[in-house]
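In: this is the structure alone, sequence omitted:
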C-alpha cells in the first residue's frame, strides 16, 4: 500500500511541477538560419529584460525551414541567410538585417594568408591534396558543409561548384562547428560566415580569414560590397503584430546596431546594398 | 470480497499495459508508412551510391556501408578483448577483484556515449583524422564493457560441475576453458555479441563526433564515413520535403537492423550449447 | 597461454578505464568551482556554470520517468499477472518489449520531433524531449519490472488466493511489495538511461543553455551539453570535460545505488 501511495504522490508531484512550469505567457517564436540566430538570441535576451511579459524563443533549423515556417504562419518570424526567391518572398514582410560574407578560413599554423578562386577549386575539387602545392606542408583536410545549409548554397553558387564533384574530408553542420574543426586541425581549410569567423578570431581562436582573390575578408569589405562572396541576412514576418514591431524597431535602432557590431556583422542600414 | 475499486483498477492496468505495449510498434509502423510512401516514388534511387538529398539523389548504400563497417569492425576488437577480460575475471581472478571489476564494468557500461565521443575527439581524431578508424575505436570503447558484462553473465550460467568434470577427465585448466567452457557457452556468447552489435548499429552522437560524415563507401580505415544514424543527426533539422521523407526511411532501416540483431541475440541466448564429444 | 591472453585483454580494458577517468579528472576538475552548479552558463557555455542545464536535466529525467512509469508498470503487470494463463500472448508481448528496448534512440528522436514538436506544436521544448524519452523508457522499464514480478514465487500468488484475498489485493499487498527492490532497480536504470540519453534529445529539446522558464522552453540536458560543447563550440573542450566529469560522477552514484538495490533484490528472493 505504501508503494501505491508513493506512486500516487510521485505522479501528483509530476503533474504539479508540469502545471507550475507551463505558463500562459505569450511567446514569440522565431525559426530558421543558424547564422542569423545569434543576432536574434542576443536581441531577445535584451528585449525580454526591457519588456517583461514578452518571451522570444529562437530556434535554428536552416534558412529554408525559416522561410517555410514563416510562409505557413506557424511561427512569428523566420530567419534566412540567403536571398529569397520571388515565390518564397510573396506575402511575407521581408526585412534585410545585416550583410555577411562567406570566407575561407585556415588554421593560424598554416602560412597561407590569401587564396585565389583557382586555388579554392584545386582544394575542393580534389586536384590538390597537399599544402606543399601552395608553399605549406601536410595533407589538406577539406572541411565542407552538410546538405540543406544556406552557407553551402552560397559557397557552391559563388564558385560554380557541383556538390557531387567536391571531395570533402569532413562535413560539418553549423558555422561554429566549422570554426572548431579548423581551429583544431593545422591542415584544415573551411568556409564559414565572416561574422562568425571574425567573432571567433576576437575570442582568440587560432583561425585566419583568408583574403579571396586579393580582397581581405573584413567588415569593411563586406560593408562596401567589394568582398566577392557576400550575402544578406534577413528576417521575415508573416504578419505585423505589436511584438514584431517592437522587435524590428529594436533591431533597426542603435541597440540593434550594437548587437551587429558585437557579432561582427554589417548592419543593413550602414552597408552598400 | 471484491471491492468496486478493483474492477476499474484492472481496467486501468489493461489500458496502461496495452498502450505501453503498442507505443513503440506504432512508432515503427509510422516510419514504415512514411518510408513506403517514399519508396513508391523512386524505389531504385535508394540503391545508389550517391547521397545528395537536396539534389534528389537518395543512394542509401554508403550510409548502410558506413553503419555496417563501423559496427562490425568495432565488434572485431570488442569481442576478443571483452571475452579475454571475462575469462580472466571468471576463471582466474580472486573473488574480491571480481566484485570491483563488476562495479567498474557497470559504470563503464552506463557511461553516456557522448563522454566516449568527447574522449575520442581529443585522443583519436588528431592522430587518425575524422575517419572510419576513429569511429570504430569510439564504438569499441563504448561497447567493450557491455560485451564483457554480458560475456561474464554467460560464463556464470555454466553448470558448476562442468569444470570438475573436465579436470577429472585429465584436461588442463586452459583446455577446460577453451575446449569445454567456451564451447558450451558459445550460443550465449554469440548472443552477447549480437546485443552489442545492436548497440553499435544504433549509436549516433559518439560516432557523429568523429566519423567525418562524408557519404563515402567505407573503402579504407582512413576514409571519412557517414552512418545511417549520423545522417539523421546532421540533416534532420534542416531537411524538408522529399529529403525529410527519405530520412524516415533511413531511420526505419536502422531500426530494422537493430531489431534484427536483437532478435538474433534473443534466439541465441535461449539456445543450449552442445558439449563436444 | 589462455591465462596470459585473457589477462592481457583484462589489462587493456581496465587500463583504458583508468586512463579515461584520469583524463576526465585532469581535464575536467580545473573547471569545477563553488558556483559551478548554481551559476548560469556564459559565453556559449565556455564560462560560468551549468545551472540551467541542471534544471533542464532534472525536469527531463524526472518527468519522463514519471510519465513512463504507469505504462511500464501496467505492461509488466499485464504480462506477468493478467496474461499468466495465456503464455503465448505473454511471450509475444515480452519478445516485443525486448526488441523495442533496442530501438535506436535517434530514430525515436526523429519520431518525437514529428509527433510532439511538429504534431503537437511543442517545437524544441523540454516537454517534447520528455515525451520522446517516454517512448524510449517504457520498454526498458517494462523489461526491468518484469524481472521483478517474475521473481515473485507463484506459491505466494496461490497462497493469497486460498486465503480468500482478491487478486487485486494480492497484487498491491503482496506481489508488488515482494518485487519492490527489483521495481526500484528498474526505476534507477531508467533514470540512468534518461540521464545518458543524447541523440533523442538533441532532436527534440535542443541545445539551449538558457534557464528554462517552463516545460515549453527548450533546454539542454547535461549529456546534450557535453555533446554541444565538444562539437559545436570552438574552444569548448575544457568545459565539455568538466560537464563530462559531472556526468560521470552522477553515473557512478546511480550505479552504486543500482548495485545496492540489486543486492537487496536477490536477498528478498
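Out: That came through, no problem. Treat the numbers as computed from the prediction; the structure is a model and nothing was measured.
In: give the residue spans of the chain that score low on pLDDT.
Out: No chain specified, so I'll use chain A. Counting by pLDDT under 70, chain A has low-confidence residues at A:1-26, A:271-273.
In: actually it's chain C I care about, not the one you picked
Out: Across chain C, the ranges flagged by pLDDT under 70 are C:1, C:265-269.
In: what residues does it put near chain A?
Out: C:44, C:59, C:62-63, C:66-67, C:69-70, C:73, C:121, C:123-124, C:127, C:172-173, C:176-177, C:180, C:183, C:206, C:210, C:212-218, C:231-236 (CB under 8 Å from any CB of the partner chain). Where you see a C-beta, it was placed from the backbone N, CA and C, and this is true even at glycine.
In: return a ChimeraX selection command for the buried portion of those residues.
Out: Typed into ChimeraX, the next command selects the buried ones out of the residues of chain C next to chain A (criterion: 16 or more other CB atoms under 10 Å in any protein chain shown):
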select /C:44,59,62,63,66,67,69,70,73,123,124,127,172,173,176,177,180,183,206,210,212,213,214,215,216,217,218,231,232,233,234,235,236
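In: out of the residues of chain C next to chain A, which are close to chain B?
Out: C:70, C:73, C:231.
In: of those, which is the nearest to chain A?
Out: Ranking these by separation from chain A, with CB to the nearest CB as the measure, puts residue C:231 on top at 6.0 Å.
In: that closest one reaches residue A:179, doesn't it?
Out: No - at 11.7 Å, residue C:231 does not count as touching residue A:179 under the criterion of CB atoms under 8 Å.
In: hang on, the earlier thing: turn the ones next to chain B among the residues of chain C next to chain A into a markdown table, including secondary structure.
Out: Written out in a markdown table, the entries for those read as follows (DSSP: H, G, I helix; E, B strand; the rest coil):
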| residue | secondary structure |
| --- | --- |
| C:70 | helix |
| C:73 | helix |
| C:231 | helix |
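In: with distance to residue B:143 added, can I get those in TSV?
Out: Written out in TSV, the entries for those read as follows (distance: CB to CB, whole Å):
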residue	distance to residue B:143
C:70	32
C:73	30
C:231	21
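In: helices or strands up against the helix or strand where residue C:158 lies?
Out: Residue C:158 belongs to helix C:154-162 when assigned by DSSP states H and E. Helix C:154-162 makes packing contacts with helix C:167-170 when contacts are defined by 3 or more CB pairs under 8 Å, 6 or more residues apart in numbering or on different chains; DSSP states H and E.
In: does the helix it packs on come close to chain B?
Out: Yes - using CB under 8 Å from any CB, a contact is recorded between helix C:167-170 and chain B, made by C:167, C:168, C:169.
In: just give the nearest non-adjacent residue to the most centrally placed residue in chain C, would you?
Out: Nearest to the centroid of the C-alpha atoms of chain C, with distances taken as CA atoms, centre = their mean, sits residue C:193, at 2.4 Å. Using CB to CB, 6 or more residues apart in numbering or on different chains and skipping the chain neighbours, the partner closest in space to residue C:193 is residue C:140 (5.9 Å).
In: which residues touch the one you found?
Out: Under the criterion of CB atoms under 8 Å, 6 or more residues apart in numbering or on different chains, the contact list for residue C:140 reads C:72, C:101, C:189, C:190, C:193.
In: chain C: strands as residue ranges?
Out: Listed in chain order, the strands of chain C (DSSP state E) span residues C:41-42, C:47-48.
In: oh, that last question was meant for chain A, not what I typed.
Out: Across chain A, reading from the start of the chain, the strands by DSSP E fall at A:27-32, A:55-60, A:77-80, A:93-107, A:114-115, A:141-145, A:170-172, A:188-193, A:207-209, A:211-212, A:230-237, A:266-267.
In: and of these, who's closest to chain C?
Out: Within those, the stretch nearest chain C is strand A:55-60; the backing value is 5.0 Å (CB to the nearest CB).
In: by contact count, what packs against the closest one?
Out: strand A:27-32, helix A:37-50.
In: deepest of those, which one?
Out: Looking across those with neighbours counted as mean count of other CB atoms under 10 Å in any protein chain shown, the highest average goes to strand A:27-32: a mean of 23.
In: what about that one, near chain B?
Out: No - where contact is defined by CB under 8 Å from any CB, no part of strand A:27-32 touches chain B; the two come within 10.0 Å at best.
In: quick one: is that strand near chain C?
Out: Yes - using CB under 8 Å from any CB, a contact is recorded between strand A:27-32 and chain C, made by A:27, A:29, A:31.
In: how far is that strand from where the chain is centred?
Out: Between the mean C-alpha location of strand A:27-32 and the chain-wide mean there is a distance of 15 Å, by CA atoms, centre = their mean, to the nearest Å.
In: run the angle between it and helix A:37-50 for me.
Out: Using axes from the mean of the first three to the mean of the last three CA atoms, to 10 degrees, the direction of strand A:27-32 lies 170 degrees away from that of helix A:37-50.
In: elements contacting strand A:27-32?
Out: The contact analysis (3+ CB pairs under 8 Å, 6+ apart) places strand A:27-32 against helix A:37-50, strand A:55-60, helix A:63-72, strand A:77-80, helix A:242-252.
In: what sits up against that strand?
Out: Taking CB under 8 Å, 6+ apart as the criterion, the residues outside strand A:27-32 that touch it are A:40, A:44, A:54-63, A:65-67, A:69-70, A:75-80, A:235, A:243-244, A:247, C:123, C:216.
In: circling back: out of the strands of chain A, which comes closest to residue C:111?
Out: The minimum distance between residue C:111 and the strands of chain A falls on strand A:55-60, with 18.8 Å, by CB to CB.
In: would you list the strands that that closest one pairs with, along with their directions?
Out: The pairing partners recorded for strand A:55-60 under DSSP bridges are strand A:27-32 (parallel).
In: now do stretch B:41-55: everything it contacts.
Out: Outside of stretch B:41-55, the residues that reach it under the criterion CB under 8 Å, 6+ apart are A:147-148, A:163-164, B:39, B:56-63, B:215, B:217, B:226, B:231, B:235, B:239, B:242-243, B:246-247, B:249.
In: so residue B:155 makes contact with residue B:86?
Out: Yes - using CB under 8 Å, residue B:155 makes contact with residue B:86 at a distance of 5.9 Å.
In: which of the two has more neighbours?
Out: When residue B:155 and residue B:86 are compared for neighbours, residue B:86 comes out ahead with 30 against 20, by other CB atoms under 10 Å in any protein chain shown.
In: can you classify the nearest residue to that one once chain neighbours are set aside as helix, strand or coil?
Out: The shortest distance from residue B:86 to any residue that is not its chain neighbour, by CB to CB, 6+ apart, is 3.8 Å, and that residue is residue B:151. With three-state DSSP as the basis, the three-state label of residue B:151 is helix.
In: just to check, residue B:151 is in contact with residue B:81?
Out: No - applying CB under 8 Å, one finds residue B:151 not in contact with residue B:81, separated by 10.4 Å.
In: higher neighbour count, those two?
Out: A side-by-side neighbour count of residue B:151 and residue B:81, using other CB under 10 Å, places residue B:151 first with 28 against 19.
In: mind listing what the more buried one touches?
Out: B:82, B:83, B:86, B:189, B:192.
In: what's the local residue count around the spatially closest residue to residue C:227 that is not a sequence neighbour?
Out: Taking CB to CB, 6+ apart as the measure, residue C:227 lies nearest to residue B:114, with 4.5 Å between them; neighbours along the chain are not counted. Residue B:114 has 31 neighbours, counted by other CB under 10 Å.
In: wait, doesn't residue B:114 sit right on residue C:230?
Out: Yes - using CB under 8 Å, residue B:114 and residue C:230 qualify as a contacting pair, with a distance of 7.2 Å.
In: now, the contacts of stretch B:41-55 that are in strands?
Out: Restricting the contacts of stretch B:41-55 to those inside strands, with DSSP E as the criterion, leaves B:57, B:58.
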